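Asker: Can you look at this prediction? I've put the sequence above it.
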Amino acid sequence: MGKIIIEYLEGKKIYACKRCNVHLSNQDYLTSKQFTGKSGTAFLFEKGVNYQTGKPEEKMLRTGLHTTQEIKCIKCSNYLGWKYLHAYEQSEKYKEGKIILETLFLTKIKWY
């Protein structure tokens, strides 16, 4: 395995991996807090960093059929959520390219 390069985000409100504190996204990229993941509450973000993606899979979610990729922390490989690649319903297209981070696996840092 090659060297892991970690990106650090600017800003006062950073969301990080609960297990290893690697930055994942920040408040500026938060799109919605009204989502549900496998473990409960989840947030939708416009952008994220420091994650690796799994194989694309078609999944039937509450809002219809989507193509998604599971995402894990690049440092500790902890499960974090998923990335939306494709939404089949026109009303769900806004999710494409965005990521879901499940709050059970997140911590807040620089939260002042």
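Answerer: It's in.

Asker: Looking at stretch 21-34 now, give me its mean pLDDT.
Answerer: Rounded to a whole number, the mean pLDDT of stretch 21-34 is 97.

Asker: Check which residues of that stretch are buried.
Answerer: 22-26, 29-30 (16 or more other CB atoms under 10 Å). Where C-beta positions appear, they are placed from N, C-alpha and C, glycine not excepted.

Asker: Now do the same contact list for the nearest residue to Val49 once chain neighbours are set aside.
Answerer: Closest residue to Val49 in three dimensions, ignoring its sequence neighbours and counting by CB to CB, 6 or more residues apart in numbering: Glu7, at 4.4 Å. For Glu7, the contacting residues are 23, 49-50, taking CB atoms under 8 Å, 6 or more residues apart in numbering as the criterion.

Asker: helix/strand/coil for Cys76?
Answerer: Under DSSP: H, G, I helix; E, B strand; the rest coil, Cys76 falls in the coil class.

Asker: Look up how far Leu44 lies from it.
Answerer: Note on Cys76: its distance to Leu44, by CB to CB, to the nearest Å, is 23 Å.

Asker: any low-confidence regions in the protein?
Answerer: Applying pLDDT under 70 to the chain flags the ranges 1, 111-112.
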